[in-house]
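Asks: I would like the atomic coordinates for the input below:
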Amino acid sequence: MPHIPVLLKEVIYYLDPKPNRNFIDCTIGGGGHAKVILEKIGPKGKLLGIDLDERSTEISKENLRRFGVSICNLEVAKKRNRIFLVQGNFKNLKQIKEKYFHFPIYGVLFDLGFSSFQVETGIKGFSFLKEGPLDMRYDPRGQSLTAEKIINEWPEKELIKILRTYGEEKETIRIVRSICRIRKEIKIKTTRQLADLICKVKKEKRFSPFRNIHPATKVFQALRIAVNDELNNLKEALPQALEILEPRGRLVVISFHSLEDRIVKQFFIRESKDCLCSAEIPVCQCKHKASLRILTKKIIRPTQEEIGKNPRSRSAKLRAAVKISNSTG
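Replies: Below you'll find the model as predicted:
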């Protein structure tokens, strides 16, 4: 399945890319959003693309080759190139920008979903439809925790906690008890083993990717978030994105999970206020100054037409804000 960028029209509208300005795509994936941004910011605008998955940087390099690409981890960036690719964690956004991308930034994009090629292959264990190892690490070289370790070694209480918190799975207790019972006899090593176990617990066998949400979706989501510490990474990255933006620069975030969206919403609300003191304090003590103006009073969701063409977009939520000029960042 080809990579289809989610909420593409909406991303371009809220990022508002203009000729010769520079942008950062913190989750470049297959380069779908980046391609259109680069077209809009030509002829001299540049883009820094970051992804924790090494394969993503390889695929986006191929897809964006016509713009001139430098993979900064491996080679010296060429000034004539318009896209700079870095394999890295966006929680280190400021450090990556300062090391590889010495240009003023007018827009930062986070697309927190994973790319279609990560689902279509079973190599890293993201897909419940393909046989593969229970891994789920975006960067195996820099991470030791795997989904297999969580499933087979974590205590029952911890399993229940992550499936409830990160997966919002209604059948958590039954699924976890089944996992704990089976792992006493045999190690659960593959995606197919885990997906079949979940389907058996839920007593669901029929599944169409165009009509249904797979019974294992929420469990796999929870494991992926836990393995990659995705929520904490987002909390660390948002303030850095705001800091490196030029005044009137745009920050756009697409999330696919209620907890991700809550983090973005709370960050936007906090940074759009002049004072964070309790209402009981008559005079401001915090000296906090608003640095953002929220552009999306309500979350932006995909249209039914987009969902029909790309079912994976159905849970996408977009929020956007613009950095105001009196920011001290």
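
Asks: which residues touch residue 106?
Replies: Contacts for residue 106 (CB atoms under 8 Å, 6 or more residues apart in numbering) come out as 17-18, 21-23, 245-246, 248-250. All C-beta atoms are positioned from the backbone trio N, CA, C, and that covers glycine.

Asks: Quick check: residue 81 touching residue 67?
Replies: Yes: with contact defined as CB atoms under 8 Å, residue 81 and residue 67 form a contacting pair (7.4 Å).

Asks: With neighbour numbers in mind, choose between these two.
Replies: Ranked by neighbour count (other CB atoms under 10 Å), residue 81 and residue 67 place residue 67 first, with 18 against 13.

Asks: And for the residue nearest the centre of the chain, nearest residue in space, chain neighbours not counted?
Replies: Centroid-nearest residue in the chain: residue 112, 1.7 Å away (criterion: CA atoms, centre = their mean). Nearest non-adjacent residue to residue 112, counting by CB to CB, 6 or more residues apart in numbering: residue 255, 5.0 Å away.

Asks: Equivalent analysis for residue 36, please.
Replies: Using CB to CB, 6+ apart, the nearest residue to residue 36 is residue 12, at 5.9 Å.

Asks: Near that neighbour, how many other residues are there?
Replies: When counting by other CB under 10 Å, one arrives at 17 neighbours for residue 12.

Asks: where are the low-confidence patches of the stretch 151-300 of the chain?
Replies: Residues of the stretch 151-300 of the chain meeting the criterion pLDDT under 70: 204-212.

Asks: Quick one: the strands in it, in order.
Replies: Using DSSP state E, counting those that start in this stretch, the strands of the stretch 151-300 of the chain run over residues 245-255, 292-294.

Asks: Show me what the longest one is packed up against.
Replies: When contacts are defined as 3 or more CB pairs under 8 Å, 6 or more residues apart in numbering; DSSP states H and E, strand 245-255 packs onto helix 8-15, strand 105-111, helix 230-244, helix 258-271, strand 317-323.

Asks: Which residues does it contact?
Replies: Residues outside strand 245-255 that contact it (CB under 8 Å, 6+ apart) are 6-7, 11, 14-16, 104-113, 238, 241-242, 261, 264, 292, 295, 316-325, 327, 329.

Asks: Sort out which residues of it are buried, please.
Replies: Buried positions in strand 245-255, judged by neighbour count with 16 or more other CB atoms under 10 Å: 245-246, 249-255.

Asks: Give me the three-state assignment for residue 92.
Replies: helix (DSSP: H, G, I helix; E, B strand; the rest coil).

Asks: and the end-to-end length of stretch 293-312?
Replies: 30 Å (CA to CA, to the nearest Å).

Asks: Pull out the buried positions in it.
Replies: Neighbour-count burial for stretch 293-312 [16+ other CB under 10 Å]: 295-296, 300-302, 306, 310, 312.

Asks: Equivalent analysis for stretch 186-198, please.
Replies: In stretch 186-198, counting by 16+ other CB under 10 Å, buried: 188-195, 197-198.

Asks: Can I get it in CSV, CA atoms only?
Replies: The C-alpha atoms that make up stretch 186-198 are tabulated as CSV, following Å, rounded to 0.1, in the frame of the first residue of the first chain:
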residue,chain,number,x,y,z
ILE,A,186,5.1,-21.1,26.2
LYS,A,187,6.8,-17.8,25.4
ILE,A,188,4.7,-15.4,23.3
LYS,A,189,7.2,-14.3,20.6
THR,A,190,5.3,-13.3,17.5
THR,A,191,2.7,-10.8,16.4
ARG,A,192,0.5,-13.6,15.1
GLN,A,193,0.6,-15.4,18.5
LEU,A,194,-0.5,-12.3,20.3
ALA,A,195,-3.1,-11.2,17.8
ASP,A,196,-4.7,-14.7,17.7
LEU,A,197,-4.8,-14.7,21.5
ILE,A,198,-6.6,-11.4,21.6
